[in-house]
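Student: build me a structure from this.
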Amino acid sequence: MAKVLMYCTRSCPYCIRAEKLLQKKGVKITKIDVGGDKKLWKEMEKLSRRDTVPQIFINDQHVGGFDDLSELDMVGKLDSMLAD
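Tutor: Numbering: from 1, shown residues only. Modelled structure (predicted):
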C-alpha cells in the first residue's frame, strides 16, 4: 500500500472529505495538522507550492488538494497510485 501524507487542519471540510475518501480506499494516512503552527504551514507551502489545505502526497508525490484527489479517483487513476 502507498504511503499517504496529508497536511490538514481539524476544521477544514475539504480535509475531512479527503480523509474519508482515502479511508474508503483502505489507506492509512499520516496527517500533519498545520492549524496554528506557522512553521508546519511554511513547510507545507514549501513542499506543495500551495497555501491551502489539504495538501496530499502519495509516495512523496504531491497530488494536490481534495479536488485533485477526487478528480484522480473519478478518472480511475487513484487506485493505481495507492496500490504502488
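Student: got a list of what Ile29 touches?
Tutor: Shown in contact with Ile29 (Cβ atoms under 8 Å, 6 or more residues apart in numbering): Val4, Leu5, Met6, Glu19, Leu22, Gln23. Yep, even glycine has a C-beta here, placed from its N, CA and C like the rest.
Student: swap the cut-off to 6 Å and go again
Tutor: Val4, Met6, Leu22 (Cβ atoms under 6 Å, 6 or more residues apart in numbering).
Student: report how many residues lie close to Met74.
Tutor: 9 (other Cβ atoms under 10 Å).
Student: over to Thr52?
Tutor: Neighbours around Thr52, by other Cβ under 10 Å: 14.
Student: make 34 the starting number, not 1.
Tutor: Sure, I'll start counting at 34 from here, so that last one is Thr85.
Student: returning to what we had before: just the contacts of Ile62: which are in helices?
Tutor: Those of the contacts of Ile62 mapping onto helices are Leu55, per DSSP state H.
Student: ok, of the contacts of Ile62, which one's closest to Gln94?
Tutor: Val37 (10.5 Å; Cβ to Cβ).
Student: and the gap between Val86 and Gly98?
Tutor: 7 Å (Cβ to Cβ, to the nearest Å).
Student: which parts of this structure are helices?
Tutor: 46-57, 71-81, 99-107, 111-116.
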